[in-house]
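> fold the following.
(chains A and B)
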Amino acid sequence: METANIANQAAETVTRFTEQTAEQMNSMRTWAQNLSEIETVDIATAPRETVWQDGKVKLYHFLRDTKAKVKTPVVISYALVNRWEMMDLQPDRSMIRRLLQEGLDVYVIDWGYAGVAERYKTMGDYINGNLDDCIDFVRDRHGVDQVNLVGVCQGGTFSVIYTALHPEKVKNLVTLVTPVDFSHDEGLLFRWSREVDVDSLVEGFNGVVPGEFLNIAFDLLKPMAKVKKYVNLPKLAQDKAKLENFLRMEKWVSDGPAQAGEAYREFINELYKQNKLAKGTFELEGEKVDLKKIDMPIMTIYASADHLVPPPCTQKLNDLVSSTDKELYEFPGGHIGVFVGSRSQKVLAPAIAEWLANRDK
Amino acid sequence: MATNNLFDQWTEVQKQMMDNWVSMSKNISDAFQPNGKNGTATKLPFTDWYQKQQELLEKSMNPAEAQKVFQDSFEGYRKTLEDQLSQWTKMTNQMLSQQGQAFMPFTAMPRIHQISEAYQEIAKYWDPILSVIRDGTPNPAQINDWLKPEAYQGMLTKLMEFNMPVSVQEIADQATKLFSDYSSWVSGQTTGFTGSFPGGMMSLPAWDNNPFMKLMTDLQHRVETQLVPITSMLNIGKRGEMVQLILDAQREYITYVMSASAIQAQMFQAGQKAMPEAVETLRKQYLETNQVPDFDTFFNTFTGILEHHLVTLFETESYSKLQNDMAVAGVKVKNRLERVMEYAFEGAPFTLRSETDELAKELQSLRRKVRMLEKKVQEMSKAVSAEKPQPPARKTPASRSRKKPAAEAPAS
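Coordinates of the predicted model:
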């Protein structure tokens, strides 16, 4: 090889190495400084009060400065897996704050952290017990016969079941990324669940399925997502605000509650494996859940790139209910983007509020 | 570019680099210190390299020796890069340990460390990979020759956060300890087995299925031939059940290890295709655009392709079954050993898990009965109210809520 060529390559290599090293060193310093300046990582900071409690389950009412424009209060039922705080991750990424701004009166159910005391708690206890109690409390408190029920993911499935059993208490039903038809193959969770021996798992875990166990499954759905996330961390950490956002999300992700074994067993066996809800054969505490009894206005929101609850699992709901006023709303993004994406703030939350306001007669 | 100018430039670049390094490392060290106290800058491997480069440059004043000088300096560069990556890993981990622990979730810390190491592991191979992308090669699989199977396995292990060796050892230790303690009581014939088991387990490479399978088959055989006849002679009772639980745990443990091992082997097999495909993809892009990709582009392309292959594997029915077998067997081992512990602590002056389970069952049953009764009371109240004359105006519906109202009505 010519000396000049070798020299050119050497110069190029060394220059690249130098630039990268200098960049890395600068990046490291900024990262360390930004990290050392963060005192706390707060999530769910929207002002609220606990208005009802039964055991570990709480009902929060979010405080408003002004009178609500929509008179029917909203009760949000989040999933048992993961925590409701995703709905209020940070002030500028908070669906709850946005709904408040749009004039709604908002309540959120906090299912708490299931432990040994909850291992025999069933879906019936959650739906006919806690959810019904919360809705009755809000109806009493506001002097109304019906509430607007907003169900999220698994909490949406609970809301659908509840509404089918107690349609007289629900004025409008909104579901976000809610699995109803479990027969599809698009999502890995749906495939895996068919093979899973949930009875052995629940017994093996002594009736309380740890959140960490579920998180492993969620991580495997996109096996390199975490790798990419952490590899990009030094770059992202150059911006203190972005670093704080990252830490908030990490805090939420790592806070996966354990599952009450009996409810988990029912959910997997009856819904994931046998698809009883969509088939119309599901029974809760001996009472058949007939989705045709859902006849009030319904807004079904799905995320086009949802890898946890693929669109077909959600969309089917509108075909199964007897409501004539029903809207299928496509959110362009993924499962989590529904709550924290900028489009969620700018478009989705106002759309939900407007849809409810138009049906608040 | 003229050779003399290059020397000047190179010297200047190295000087800048050295200055940057020392200055930044001092700043970083300062940033690590609590309350802004200054610390001593870390001694970095670049210092040595820089000095050696200076010596080389002095010799290189003779143009005839230029080629040798550059070749030597490349070796120095490679060595330095490797040292730098190692140093970088240490610094990253140090920073995360000192500054990040307060905020990063506990579970994220080891993952960050593992992924950081994997990233840097791949970076070591970046130069030869880049050469293939830029200069081409008749066989992109040549990458696999550079990146030896052991190294590739190590990298995938870190990327996928496998922790088989630790788990295997932990489970082996626990199972063997209990097995040893209790089965010694049953028979003195098991010393050979319990003595060889942990050693054999730890000496095995995590990815190597064959000796693993051999050990497991052997284990199964020993359990069946040596212990089952003994346990079958025992009277049914606490000790007999304990031994049976331990034997069950051993059998589940075999299933667990075999499934886990098979899963990791499947993942490795699926992931092997990713590296050459990533190189080929970027080579095509380079030929089309003439743009040399940077390392991050390569890393993202590689992990994207790797993810695709892994998800394709995850979608298969055989993987789903294997995953279920592994998970179920794992929790069964845990459960059996915990039940043995329950027997061991029976009569101890504290509440056992099985006793709290009974309480939980009773509690939930009572709560359900209360809920049903409340519902009946509510329905009866409604019926009674309906029979009474209605008040002229009603501000709130009849009281329906149960449990604990905790606040007054809101303003809205």
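> my guess is residue A:290 meets residue A:281, correct?
No. Residue A:290 is beyond contact range of residue A:281, at 10.1 Å (criterion: CB atoms under 8 Å). (Each C-beta comes from the backbone N, C-alpha and C, glycine too.)
> these two: who's more crowded?
residue A:290 (15 against 12; other CB atoms under 10 Å in any protein chain shown).
> show me the shaky parts of chain B.
B:1-117, B:120-121, B:124-125, B:127-128, B:132, B:136-237, B:389-412 (pLDDT under 70).
> distance of the residue lying closest to residue A:282 once chain neighbours are set aside relative to residue A:250?
Spatial nearest neighbour of residue A:282, excluding adjacent residues (CB to CB, 6 or more residues apart in numbering or on different chains): residue A:276 at 3.8 Å. Residue A:276 is 36 Å from residue A:250, where distance means CB to CB, to the nearest Å.
> what does the stretch 251-400 of chain B have sitting close to chain A?
B:299-300, B:303-304, B:306-307, B:310-311, B:314-315, B:317, B:320-321, B:323-324, B:327-328, B:330-332, B:334-335, B:338, B:353, B:356-357, B:360-361, B:363-365, B:367-368, B:371, B:395-397, B:399-400 (CB under 8 Å from any CB of the partner chain).
> so which of those are in helices?
B:299-300, B:303-304, B:306-307, B:310-311, B:314, B:317, B:320-321, B:323-324, B:327-328, B:330-332, B:334-335, B:338, B:353, B:356-357, B:360-361, B:363-365, B:367-368, B:371 (DSSP state H).
> for chain B, which residue gets nearest to chain A?
With CB to the nearest CB as the measure, residue B:331 is the residue of chain B nearest to chain A, at 2.7 Å.
> surely that residue touches residue A:200?
Yes. Assessed by CB under 8 Å, residue B:331 is found in contact with residue A:200 at 7.2 Å.
> of those two, who's got more company?
More neighbours surround residue B:331 than the other of residue B:331 and residue A:200, with 23 against 16 (other CB under 10 Å).
> for the more buried one, which non-adjacent residue is closest in space?
Closest residue to residue B:331 apart from its sequence neighbours, by CB to CB, 6+ apart: residue A:204 at 2.7 Å.
> check contacts around the one you found.
B:328, B:330, B:331, B:332, B:334, B:335 (CB atoms under 8 Å, 6 or more residues apart in numbering or on different chains).
> repeat the analysis, applying 10 Å as the threshold.
A:197, B:252, B:327-336, B:338 (CB atoms under 10 Å, 6 or more residues apart in numbering or on different chains).
> switch those residues over to CSV; also include distance to residue A:49.
Shown next, in CSV, are the contacts of residue A:204 (distance: CB to CB, whole Å):
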residue, distance to residue A:49
A:197, 43
B:252, 49
B:327, 41
B:328, 44
B:329, 47
B:330, 43
B:331, 40
B:332, 45
B:333, 46
B:334, 41
B:335, 42
B:336, 47
B:338, 41
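> which among the residues you listed gets closest to residue B:348?
residue B:338 (14.4 Å; CB to CB).
> count of neighbours near that closest one?
16.
> does it really touch residue B:246, like I thought?
No. Using CB atoms under 10 Å as the test, residue B:338 is too far from residue B:246 to be in contact (12.0 Å).
> roughly how far apart are the residue in chain A that chain B sits nearest to and residue A:42?
Of chain A, the residue with the smallest distance to chain B, taken as CB to the nearest CB, is residue A:204 at 2.7 Å. Look at residue A:204 and residue A:42: by CB to CB, they are 36 Å apart.
> same question, residue A:294
38 Å.
> with residue A:272 instead?
On the measure of CB to CB, residue A:272 and residue A:42 end up 35 Å apart.
> now, of the ones in helices among the residues of the stretch 251-400 of chain B next to chain A, which are buried?
Burial by neighbour count, 16 or more other CB atoms under 10 Å in any protein chain shown: within these this picks out B:299-300, B:303, B:306-307, B:310-311, B:314, B:320, B:323-324, B:327-328, B:330-332, B:334-335, B:338, B:353, B:356, B:360, B:363-364, B:367-368, B:371.
> where does the stretch 101-250 of chain A have low pLDDT?
Judged by pLDDT under 70, no stretch of the stretch 101-250 of chain A qualifies at all.
> strands along that one, start to end?
Using DSSP state E, counting those that start in this stretch, the strands found in the stretch 101-250 of chain A span residues A:106-110, A:147-152, A:170-176, A:208-209.
> make a markdown table from those strands and add distance to residue A:352 to it.
Shown next, in a markdown table, are the strands of the stretch 101-250 of chain A (distance: least, CB to CB, whole Å):
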| stretch | distance to residue A:352 |
| --- | --- |
| strand A:106-110 | 11 |
| strand A:147-152 | 7 |
| strand A:170-176 | 6 |
| strand A:208-209 | 31 |
